[in-house]
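K.L.:
Give me coordinates for this.
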Amino acid sequence: MEFAVALLLDSLVSDNNQYVLNLDSKYLGNQNHIPEKDLIALGKLMNEIKTSANVYRERLSKQQQLNLFLETLDIDNKIVTLSKPVEPTSQDSPDPLLNIIVALIIGVASGVGLVFLWHYWRKNLRG
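P.N.:
From the prediction side, this is the model:
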């Protein structure tokens, strides 16, 4: 087992602070004196390292996304003064002419609807 640990330590390569394990079957094939039990343990350890590295990369990505999101919520990024506030010179709302036009359209439409309903009611329901 000490040889497997030494083999792991020798094959550990640093790449941007992420550790990559390079063990190929060709290199391990030349090592005939490694017991099968140790080779199985080495395979399990390699799988655990790959799984842990994938989990680390996913969490690092999520942490970077969260940091980027938090930077956008910074108060300095939200308040931008382009010009000083100016008092309005004319009234925006309510617009009396528009209100009268809308009221007339609604009144005429409901009046016509009531006439048709009254005519239908007199003709079909009363006999």
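K.L.:
And the longest helix along the chain, what does it pack against?
P.N.:
For the chain, the longest helix by residue count, based on DSSP state H, is helix 36-72. Under the contact criterion of 3 or more C-beta pairs under 8 Å, 6 or more residues apart in numbering; DSSP states H and E, helix 36-72 touches helix 2-11, strand 18-21. To be clear about C-beta, it is placed using only N, CA and C from the backbone, and glycine gets the same treatment.
K.L.:
Among the ones you listed, show the one with the smallest mean pLDDT.
P.N.:
Per-segment mean pLDDT for those reaches its minimum on helix 2-11, at a mean of 44.
K.L.:
Can you tell me the SS state at residue 92?
P.N.:
With DSSP: H, G, I helix; E, B strand; the rest coil as the basis, residue 92 sits in coil.
K.L.:
what's the burial count for it?
P.N.:
6 (other C-beta atoms under 10 Å).
K.L.:
Show the pLDDT at it.
P.N.:
The model's pLDDT for residue 92 equals 78.
K.L.:
repeat for residue 107
P.N.:
In this model, residue 107 carries a pLDDT of 97.
K.L.:
That one should be in a strand, yeah?
P.N.:
No: per three-state DSSP, residue 107 lies outside any strand segment and is helix.
K.L.:
Can you give me the distance of it to residue 48?
P.N.:
According to C-beta to C-beta, to the nearest Å, residue 107 and residue 48 sit 78 Å apart.
K.L.:
Contacts only, for residue 85.
P.N.:
Not one residue lies near residue 85 by C-beta atoms under 8 Å, 6 or more residues apart in numbering.
K.L.:
and residue 39, how many neighbours does it have?
P.N.:
When neighbours are counted by other C-beta under 10 Å, residue 39 registers 13.
K.L.:
got it, and residue 42?
P.N.:
Around residue 42 there are 19 residues (other C-beta under 10 Å).
K.L.:
cool, and residue 60?
P.N.:
11.
K.L.:
Please apply the same query to residue 53.
P.N.:
Residue 53, neighbours per other C-beta under 10 Å, totals 14.
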